[in-house]
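K.L.:
Sharing a model that was predicted from the sequence below.
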Protein chains: 2
Amino acid sequence: MGERPNHMSPEEFRQAGYQAVDWVADYMARLGDLPVKSSAHPGDVRAMLPAEAPKHGEDFSEVLADLGRVILPGITHWQAPGFFAYFSANASGPSALADLVSSGLGAQGMMWDTGPAVTELEQHVLDWLAVEMDLPEKFRGNGVIQDSASSSTLCAVLAARHRAGGINALPNLVAYASEQAHSSVEKGLRVAGIPADRMRPIATTPDYAMRADHLAYEIVKDKNDGLTPFFVAATVGTTATTGIDPVTEVAWVASNFDAWTHVDAAFAGTAALCPEMRFLNAGLETADSYVFNPHKWLLTSFDCSAFYVADRASLTEALSIAPEYLRNPASESGTVVDYRDWQVPLGRRFRALKLWFVLRHYGLEGLRAHIRRHLAWARELTEWVESDHRFELAAPTVVSLVCFRHKDGNKATSRILEAVNQSGRAYLTSTALGGQIILRVAIGSPQTERHHIEDLWNLIQSVA
Amino acid sequence: MGERPNHMSPEEFRQAGYQAVDWVADYMARLGDLPVKSSAHPGDVRAMLPAEAPKHGEDFSEVLADLGRVILPGITHWQAPGFFAYFSANASGPSALADLVSSGLGAQGMMWDTGPAVTELEQHVLDWLAVEMDLPEKFRGNGVIQDSASSSTLCAVLAARHRAGGINALPNLVAYASEQAHSSVEKGLRVAGIPADRMRPIATTPDYAMRADHLAYEIVKDKNDGLTPFFVAATVGTTATTGIDPVTEVAWVASNFDAWTHVDAAFAGTAALCPEMRFLNAGLETADSYVFNPHKWLLTSFDCSAFYVADRASLTEALSIAPEYLRNPASESGTVVDYRDWQVPLGRRFRALKLWFVLRHYGLEGLRAHIRRHLAWARELTEWVESDHRFELAAPTVVSLVCFRHKDGNKATSRILEAVNQSGRAYLTSTALGGQIILRVAIGSPQTERHHIEDLWNLIQSVA
């Protein structure tokens, strides 16, 4: 050591790379046999790590061995066939390999000039998706990859804030979202300087869809109080139950009062790739921005959130700062897109690669097949729940999330949850709605097959 | 197709994975021969991409072939030995392979409970770094990986805003940073609701270091005007010239007025891993938060920004929202860290893996050797510049950035910049200070050897 850092030569990288690929391939092969949820206790993982960082370099094979020994027991396997918790966060072979290439290239996409292909591939694949999902024309050419729907929603809030008068208007701004909206809406508003007491939670229908009449009522009331309704978040597929807000009515109300409509379709949006699911896009023609997460259900590993904005200028004017050290002829020509002005961070990873690899490996029909299987199994599971007198559905099954509870109440429902999760064969999460605990079976993992749904249902029935 | 999506089986992944590893290894091997800066024109890359997304899946080898044919000409090679632009954004073999494993695992680290090892490894490696960089004790156990220094700075602003009274205090809040601070400070403040006219640019010394006396003057003036000084950003290694703010004095002034001191050492901070560079940490004992980017100079590919905060509660109280569907016993026990409350996004990639792989592959001594070579070459280049009567240094060389200009003025300096960049052998960026254009030679790319610095200097001399 001392003199030269131990950089991997291309040949050393090749050998270590094969080992890493083998490790991941072996992991994929035994995913179905691992207990889905980690049973680690707080501190277990750290207790196995040395107190001090290594002074000298170690063999790559030792690192991989520790990956299995130290890290794996502390991993909850989000890609396991028995993972039905939260929403899925799809990984896939082509996506993982695109991430490898992205890290190998080490390119930077903060501006067009710092890596033209990084920006142009991103514009291109987001346009491909906009076309194939039949998003309104106004969103084409206006897509950007963010790390998460939370960041996309924050950007929508910032663009809306800018359109409504900017920071000076802050004390008057009021925002609206259904009681079932994701916590990221409140978080984005808070970050942007809109406190919780100027975010109006709008009541929902029994199907957990925002009541547009209540929205209109609240907006008019705020208007009369001299406030400025500036932002409405509509949700297509709420986190608790995949409730669908009536975007057409919501966006119509919002636009009549010059408020920005942001549509959060983080999980459910992917399904619109299938023509029969295009009802999920209803009302988008009046919306100002739209987000869905390919990293949830479109086989593109985290992080990859696709954010579209109709009026690009509101976004870039809200976020653009052009210091001297970033000036370059391409940016000044106005002929290129500099994505640094479409997001909070400056630096940007080459994330479009993974969408591109996924689209080319699976093809549109392959991706649709991936989605349709989950839709079909969710319908089947829904029927099984309906035909078992001990259970009742807690919400309509719209896409691939099935919500139900034991009729005997919270205790019986919780007992099932614990038993399923302790079995190691499956992992569910619950939520509470109106005091009632509800089981959520979120179907979306790539390795899940129909028999895993059957196994889960048998397990649930045997506990019940 | 139709029936089943074309998921890669473990064996198919293994074969495709070897191909991808080969592609990256071959890329690494010929990096030195590629023109550093892409000569693509706007639209060139998109013109080579089909207008429509593929209906059916394609062979992985075709995708890799297009990677070379379509994408590579549009890539500026940030890892090339002749890359001296901006600051380096280090990639490395172990880091790229950790990204592969991270994507293969597809784990989620939004809470401890969603992947205990994701959180605990992150805590552990950030503590390793805090110890080895000799950061103040208060930062240990209080580190988090963000995607970028921009996001870290935004989080610092939000924590400071919270401590100063939160959103209700916004109209009175004033922030301070030197005229040479990074644009992300203004951006973070803007996002959080503090407009540019309540951010005071503080004058600098001839070495581009913040004048603490001016800071004190501005703070007192604002106090007298009934405003609330709440946030001071000090920079250790400014973007233009790696100027070093006097953090001890700056933080002393700030703390006397209850303002939060955030230290942005995005690039230069890494050097503190070497004991002889610990002067870069001066004053941190009084600072409230600190950020440096392993993805710049520590061989850990983007995105990996290490953010430390002394008073963790200010940060988590500023960002925490706990909806029903994320409740879990581990979080409620208070014994674990849920990193979703330390950042804006909810979802989190397993980024600690790459820091771990890098630390173990290189060892601390290997990483120090990596840094010391660049420090030594920057000193040499500085001497060469000083001994050539046609040039003059534009700023002191503190770490590995050398700033100089042609004595004949901007035209002569710009001519050199263009000639170097058009050569394809090296890529520099410039900045302007006080109307003078300055060449920046930022040494930091992993493949750079001493002879590349010599080549660059010969090229510059021959143009001059």
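P.N.:
Cool, got the structure.
K.L.:
Looking at the helix or strand containing residue A:308 now, give me its mean pLDDT.
P.N.:
Element membership for residue A:308, per DSSP states H and E: strand A:305-309. Mean per-residue pLDDT for strand A:305-309: 98.
K.L.:
partners of that strand in the sheet?
P.N.:
strand A:143-146 (antiparallel), strand A:289-292 (antiparallel) (DSSP bridges).
K.L.:
Residue A:133 contacts residue A:281, correct?
P.N.:
Yes. Between residue A:133 and residue A:281 there is a contact under CB atoms under 8 Å: 7.1 Å. All C-beta spots, glycine's among them, are computed from the backbone N, C-alpha and C.
K.L.:
overlap in contacts of these two?
P.N.:
residue A:272 (CB atoms under 8 Å, 6 or more residues apart in numbering or on different chains).
K.L.:
And the two? Which one has more around it.
P.N.:
Set residue A:133 next to residue A:281 and count neighbours by other CB atoms under 10 Å in any protein chain shown: residue A:133 wins out with 25 against 20.
K.L.:
Quick check: closest non-adjacent residue to the more buried one.
P.N.:
Once flanking residues are discounted, residue A:133 sits nearest to residue A:272: 4.5 Å by CB to CB, 6 or more residues apart in numbering or on different chains.
K.L.:
residues contacting the closest residue to residue A:8 other than its chain neighbours?
P.N.:
Closest residue to residue A:8 apart from its sequence neighbours, by CB to CB, 6+ apart: residue B:93 at 3.3 Å. Taking CB under 8 Å, 6+ apart, we find residue B:93 in contact with A:7-8, A:12-13, A:16-17, B:28, B:361.
K.L.:
Among the residues you listed, which one lies nearest to residue A:403?
P.N.:
Among the contacts of residue B:93, residue A:17 lies closest to residue A:403 (CB to CB), at 43.0 Å.
K.L.:
ok, now which ones touch residue A:71?
P.N.:
Going by CB under 8 Å, 6+ apart, residue A:71 touches A:45, B:117, B:121, B:353.
K.L.:
Who wins on neighbours among those?
P.N.:
Ranking the contacts of residue A:71 using other CB under 10 Å puts residue B:117 first, with 30 neighbours.
K.L.:
starting at the chain centroid, how far to the helix or strand in which that one is found?
P.N.:
Counting by DSSP H and E, the element that carries residue B:117 is helix B:116-132. Relative to its parent chain, helix B:116-132 has a centroid offset of 18 Å by CA atoms, centre = their mean, to the nearest Å.
K.L.:
Stretch A:224-238 too?
P.N.:
Distance, centroid of stretch A:224-238 to centroid of chain: 22 Å (CA atoms, centre = their mean).
K.L.:
now swap in stretch A:357-364 and tell me
P.N.:
The answer for stretch A:357-364 is 19 Å, by CA atoms, centre = their mean.
K.L.:
And stretch A:106-115, by the same measure?
P.N.:
24 Å.
K.L.:
How about it and chain B, any contact?
P.N.:
Yes. Contact of stretch A:106-115 with chain B (CB under 8 Å from any CB of the partner chain) involves A:106-108, A:112-115.
K.L.:
For burial, what's the neighbour tally of residue A:26?
P.N.:
With other CB under 10 Å as criterion, residue A:26 counts 13.
K.L.:
which residues of chain A fall in strands?
P.N.:
A:143-146, A:173-178, A:199-202, A:228-235, A:260-264, A:289-292, A:305-309, A:391-393, A:401-406, A:429-433, A:436-442 (DSSP state E).
K.L.:
Figure out which of those strands is closest to residue A:184.
P.N.:
Of all these, strand A:260-264 comes closest under CB to CB, at 7.8 Å.
K.L.:
Export only the CA atoms of that closest one, formatted as PDB.
P.N.:
The C-alpha trace of strand A:260-264 is given here as PDB (Å, rounded to 0.1, in the frame of the first residue of the first chain):
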ATOM      1  CA  TRP A 260     -52.300  23.200  -9.400                       C
ATOM      2  CA  THR A 261     -53.500  19.600  -9.600                       C
ATOM      3  CA  HIS A 262     -50.800  17.000  -9.000                       C
ATOM      4  CA  VAL A 263     -51.700  13.400  -9.500                       C
ATOM      5  CA  ASP A 264     -49.900  10.800  -7.400                       C
END
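K.L.:
and it, what other elements does it pack with?
P.N.:
Judged by 3 or more CB pairs under 8 Å, 6 or more residues apart in numbering or on different chains; DSSP states H and E, strand A:260-264 is in contact with helix A:149-163, strand A:228-235, helix A:247-256, strand A:289-292.
K.L.:
List the buried residues in the worst-scoring helix or strand of chain A on mean pLDDT.
P.N.:
Between all helices and strands in chain A, the lowest mean by mean pLDDT, DSSP states H and E belongs to helix A:329-333, at a mean of 82. In terms of neighbour count (16 or more other CB atoms under 10 Å in any protein chain shown), helix A:329-333 has its buried residues at A:330-331.
K.L.:
who are the neighbours of it, in terms of helices and strands?
P.N.:
Against helix A:329-333 (3+ CB pairs under 8 Å, 6+ apart) you get no helix or strand.
K.L.:
Residues in contact with that helix: which ones?
P.N.:
With contact meaning CB under 8 Å, 6+ apart, helix A:329-333 is reached by A:111-113, A:322, A:336, A:338, B:42.
K.L.:
try 6 Å
P.N.:
Here helix A:329-333 makes contact (CB atoms under 6 Å, 6 or more residues apart in numbering or on different chains) with A:112-113, A:336, A:338.
K.L.:
Kindly reformat these as a markdown table and extend each row with pLDDT.
P.N.:
Converted to a markdown table, the contacts of helix A:329-333 look like this (pLDDT from 0 to 100):
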| residue | pLDDT |
| --- | --- |
| A:112 | 96 |
| A:113 | 95 |
| A:336 | 93 |
| A:338 | 95 |
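K.L.:
Tell me the most packed of the residues of stretch A:106-115 next to chain B, by neighbour count.
P.N.:
Highest count within the residues of stretch A:106-115 next to chain B by other CB under 10 Å belongs to residue A:107, 29 neighbours.
K.L.:
Does chain A have contacts with the helix holding residue B:117?
P.N.:
Yes. Helix B:116-132 is in contact with chain A by CB under 6 Å from any CB of the partner chain, via B:116-117, B:120, B:124, B:128, B:132.
K.L.:
Buried residues, that helix. List them.
P.N.:
By neighbour count on 16+ other CB under 10 Å, the buried set for helix B:116-132 is B:116-130, B:132.
K.L.:
coming back round to it: where among the strands of chain A is average confidence lowest?
P.N.:
strand A:429-433 (a mean of 94).
K.L.:
which two in the contacts of residue A:71 are spaced the farthest apart?
P.N.:
Checking the contacts of residue A:71 with CB to CB, the most distant pair is A:45 and B:353, at 12.4 Å.
K.L.:
Nearest to residue B:70 among the contacts of residue A:71?
P.N.:
Closest approach to residue B:70 among the contacts of residue A:71 (CB to CB): residue B:353, at 29.8 Å.
K.L.:
what about the closest residue to residue A:177 other than its chain neighbours, neighbour count?
P.N.:
Computed as CB to CB, 6+ apart, the closest residue to residue A:177 that is not its neighbour in sequence is residue A:233, at 3.9 Å. Using other CB under 10 Å, the number of residues around residue A:233 comes to 31.
K.L.:
Is it correct that residue A:233 is in contact with residue A:179?
P.N.:
No. Assessed by CB atoms under 6 Å, residue A:233 is found out of contact with residue A:179, at 11.7 Å.
K.L.:
returning to what we had before: next, format the residues of stretch A:106-115 next to chain B as a markdown table and append distance to residue B:33.
P.N.:
Listed next are these as a markdown table, based on distance: CB to CB, whole Å:
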| residue | distance to residue B:33 |
| --- | --- |
| A:106 | 17 |
| A:107 | 17 |
| A:108 | 21 |
| A:112 | 25 |
| A:113 | 22 |
| A:114 | 21 |
| A:115 | 19 |
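K.L.:
Specify which member of those residues is nearest to chain B.
P.N.:
Checking the residues of stretch A:106-115 next to chain B against chain B with CB to the nearest CB, the nearest one is residue A:106 at 3.1 Å.
K.L.:
contacting residues for that closest one?
P.N.:
Contacts of residue A:106 (CB under 6 Å, 6+ apart): B:78-79, B:91, B:301.
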